[in-house]
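could you look at this predicted model? Sequence included:
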Amino acid sequence: MTKFGLREPITRVEDHRLLSGQGQYTDDIQLPGMSYAYVLRSPHAHARLGKVDTTAALAAPGVITILTGADISAEELGDMPCVAEVENRDGTTRADTPRPILAKDRVRHVGEPVALVVADSLASAQDASELIEVAYDPLLATADTEGATKEGAPQVWDHIPGNVCFDWEDGDKAAADAAFDQAAHVTTIRIVNNRLVSNAMEPRATIGDYDANSGRSTLYTPSQGVHFVLPQIADVILKIGANNLRVVSPNVGGGFGTKAFLYPEQALVVWAARKIERPVKWTSERTEAFLSDVQGRDLVNFAELALDADGHFLAIRVKTYGAIGGYLSNFIPFVLTIGPTGMLTGTYNIPVAYVSVKGVMTNTVPVDAYRGAGRPEAIYVIERLADLAAGEMGIDRIEIRRRNFVKPEQMPYPTPLHHEFDSGEFEALMDTCLARADWDGAPARKAAVVKEGRLHGIGLAVYIERCGGGFPETATVRFEENRTVTLVLGTQDGGQGHQTAYRQVLCDRLGIDAEDITVLQGDSDLVPSGLTGGSRSLPVGGAAAAGAAEGAIEKGKPIAAEMLQADVAEIVFDNGLYTVPGTGRQVPLFDVAEAARTPEFASKTGELGLTESFVQTPTAHTYPNGCHIIEVEIDPDTGQIEITRYTVVDDFGDTVNPLLLEGQVQGGALQGTGQALCEQTVYDPDSGQLLSGSFMDYALPRADLVPTFDFSTRNIPCKTNPLGLKGAGEAGAIGSPPALVSAVVDALNPLTNLTHINMPLTPETIWRALNQN
C-alpha cells in the first residue's frame, strides 16, 4: 500500500490502464440496438438553403430516419446559445447569431450540418446521405478576418452591419493617448495570430440513448464538464427539462478547450434517439473535424508601445480584429475580450493601457477557446513589442525587460486592466532561466554555427497568465463500507492526470493509502456541477477536494472523542489517526468512519456514515508566470528551422506533482511550437472554402520537431488559493510562440534587417524572407 503526498513526482496511476488499451472512450461504448448517424454538411460557405428532399434517401436500405431543419421548425426546437455577454463601447449589447442544430434558411460555413441520417450501419447512413437532394442558392462569402470589416465586404448576417458582432473597449483611452503624445519613442506592430485546429487524439463522438419507460435520455460524450452541455441541450434546445437528461463523459482523449463547448451533434443524437427509441452513435471522421470542430486563435492586432527616453514603458494601445466565424460559439465574446486582454501588459509595470476589440463574423467554422483562450495571443503581443522596442532604441532585449518588470516589493500589484498580481519574482525567474540556458555563451555558439554555413538565433519570452478563477467547484468525500474513500467532483480529466493528482491531495489531507481512493468524474447524476478549463482543475477542484477532506476530518472528531474517551478539543488528527496527545490513545480514520455508520454514533454527525462536501468559490485568480528561452539553427538554403535548445523556468506556486507538471508544460510548449512553426488553418478569402482540410495540408508538429526540454521551477506560493497553487495546463502554449519567433528573428535580422515575421514560420516563409530581403 502506498501513501503519496504533495510535491512528490510519482507516475500516473491511470497510465497502465490507458496505455494498455483498457480505457473506455465514447466510441468504445456499444449499446444494444445501436444505430449510427451521419451528418450531411454544406459544401458552400454561404448560401440560401432551399428544399432538402430526403425521399430517395429514406427508401435506401437500412435507413431508420432522416432529420432536417424542417423537423426543427416543426417541433419548435431552440437554438444553440452563446453564454458569454459583452457590451459594445456605446453601452449596447452584442449582436446575436441564432444557430440551429441543423441549418434551416441559410448556411454560413462549409461543414455546417444540413441533415442527420440515422441507419442500422454507418455505411448505410453515408450511402443514403448521397441521395439527399439539397437546393442551395450560393451567396458571396468572406473568410478574411480583417477584410470582412471593409466597406463592400459580403455580409454574413443581414442584421450585423460591417460583420462586426461587437465593438468592445477597456482601459483609459484619454490617459493612453496623453502618454503616447509625451513619449520619446513609440513602437508599432501589426501581428497576425494564425488560426488553428486543435486535433485532439480522440475525435469528437457522441451517443444518445433513451429509456421510454422513464422518459429519460442519456448522452455519452467526451466533454470538459458534463454540466455545461446538459442544460443547453435539455432546457434550451430540446426543451425536455434537465431532470430528463443524464450526461456521461467516459475517458477523454484530449480537450484543449475544443471539447468544452456544445456541438450540434450532441443535441442531434439525443433528439434522434428519443424519436426512434434506439441508441444513436455519431463519431467524427478526422477530415470532418476540420469542418466542424471549433477552431482557435485567428486575430489581427495593431499594437503600440510608448516609451520614455530611457526605455521605460509608459503605455500600451492595442486594436484587435478577432474572428468569430459564421456563428457565435459558447464563450467567444469572453475569449476575445475580458478573458485575455488583462494580460496585455504582461509582467511589466505599464501604468496605462487601452484596448479595443472588434468581434468579426466570417463564413468560417466558429472560433472559441483553444489552449490558453486568448492569453497566448495577449502575451505574444507584448513580448513582440518588447523585442521590437529594444532593437529600435538600441537597448539589449534582457535589459529592457529588467527596466520594466513589476518588482516583488510592488506586490500585490494592480494592473491598468483590472487584475491584481498577488506574487511573483519576474526578474529573478528570468535570471534563473538565462543561467540555465547559458545565454552568455550564445555568441560563441552563434559564431561556430555561422562558420558552418547555418544561421543561429536565440530568443526569449517572459509570460504571465490569469487562471484558476471562474465559478465554484464542489467536491464530496465519502467513506465507503469497504474502508475506502470516494472523491466526487465536477472537473473532467482529459489526459492531465486527475486520477493521480487528486489522490495526492487526499493522501496528504487524510493520510490514507492511494489504493483506497476512488475518483469519480464525468457523470451528471453523480456530480452537482463543474468544468475543466482555464487551468482551474487543481487550483479550484483540488482546493475543493482538500476542503471536503478537512471537513470530513472535523466531522469525525466527536466520534473519535467518544471512542477515545476524551473531549473533542483534545483530539488531534495526523497521518490517518485521531489521537489524544500524551496518552498513547489513538484510533484510525477508517475506524471512525465505520463507527459513523452505526446508530450509536450517527447522532454525532447527523447522518449514517461519514460524508462531507465542500464548495470552493474562487475570489481571485492565480497568476502563473515563467520564462522560455529557445535557441535555433536555420539552413539558409531550405529555410528549415531546428530547435537546438529549449529552456523553461516557471513559477506555479506550490506543487502537487512535479512530474505531471513537467508533462503539462512540455505538451503545451509543443502545441505552441506547432503554431509557431507549421500549423495554420487556411480558407480561400473570397469563397470561404477550407484549403487545409486534412493532414495533407495542415501540418502538425512531428517527432523531429520535438526538442529536449530543460524544465525547472522557481515557485512563489500563490496567496489567492488555499493550496498555494497556480494553474499550469496552458502555460507552455503561452511562452513558446513569442520565444520561438524571437529566436528566428534574431537569426534572420543580420542578413535581412527583419524585426518581425508572422507565424507559422514554415521553411517556405523563412526561405522567402531570406531571398526577398
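Yep, it's here. Numbering: from 1, shown residues only.

now the helix or strand bottoming out on mean pLDDT in the chain, how far from the centre of its chain.
Using mean pLDDT, DSSP states H and E, the weakest-scoring helix or strand in the chain turns out to be helix 599-605, at a mean of 81. Its chain's C-alpha centre and that of helix 599-605 lie 45 Å apart, by C-alpha atoms, centre = their mean, to the nearest Å.

give the buried residues for that helix.
Of all the residues in helix 599-605, those buried under the rule 16 or more other C-beta atoms under 10 Å are 601, 604-605. (Each C-beta comes from the backbone N, C-alpha and C, glycine too.)

got it, and stretch 468-481?
Buried residues in stretch 468-481 (16+ other C-beta under 10 Å): 468-469, 473-480.

helices along the stretch 251-400 of the chain, start to end?
For the stretch 251-400 of the chain, the helices defined by DSSP state H, counting those that start in this stretch cover 264-276, 286-292, 332-336, 338-341, 375-393, 397-404.

can you point out the buried residues in the longest one?
Within helix 375-393, the residues that count as buried by 16+ other C-beta under 10 Å are 375-392.

would you map the strands across the stretch 551-700 of the chain?
572-574, 577-580, 585-588, 611-616, 625-634, 641-651 (DSSP state E, counting those that start in this stretch).

packing partners for the shortest one?
The criterion is 3 or more C-beta pairs under 8 Å, 6 or more residues apart in numbering; DSSP states H and E, and the helices and strands that strand 572-574 contacts are helix 543-563, strand 577-580.

next, format the ones you listed as JSON lines and append mean pLDDT, distance to L670 and mean neighbour count.
Shown next, in JSON lines, are these (pLDDT from 0 to 100; distance: least, C-beta to C-beta, whole Å; neighbours: other C-beta atoms under 10 Å):
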{"stretch": "helix 543-563", "mean pLDDT": "95", "distance to L670": "29", "mean neighbour count": "22"}
{"stretch": "strand 577-580", "mean pLDDT": "96", "distance to L670": "44", "mean neighbour count": "19"}
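
nearest to S524, of these?
S524 lies closest to helix 543-563 among those, at 17.3 Å (C-beta to C-beta).

circling back to that earlier point, contacts for the least confident helix or strand of the chain?
For helix 599-605, the external contacting residues (C-beta atoms under 8 Å, 6 or more residues apart in numbering) are 555-556, 558-559, 562, 595-596, 608.

my guess is Q492 meets V248, correct?
No: the pair Q492 / V248 is not scored as a contact, 11.0 Å apart, by C-beta atoms under 8 Å.

so how far is stretch 102-111 from its chain's centroid?
Offset of stretch 102-111 from its chain centre (C-alpha atoms, centre = their mean): 27 Å.

for that stretch, what is the average pLDDT?
Averaged across stretch 102-111, the pLDDT comes to 98.

also stretch 701-721?
91.

OK, contacts around W157?
With contact set as C-beta under 8 Å, 6+ apart, W157 has these partners: 95, 97, 108, 163, 361.

just flag the most distant two among those residues.
Largest separation among the contacts of W157 by C-beta to C-beta: A95 and R108, giving 13.7 Å.

who has more neighbours out of those two?
Neighbours of A95 and R108, each counted by other C-beta atoms under 10 Å, are more numerous for R108; the result is 27 against 18.

how far away is the nearest residue to that one once chain neighbours are set aside from D71?
Excluding the flanking residues, the one nearest R108 by C-beta to C-beta, 6 or more residues apart in numbering is G326, at 3.2 Å. Counting by C-beta to C-beta, to the nearest Å, the gap from G326 to D71 is 21 Å.

repeat for D591
In terms of C-beta to C-beta, D591 sits 60 Å off from D71.

then E304?
Counting by C-beta to C-beta, the gap from E304 to D71 is 52 Å.
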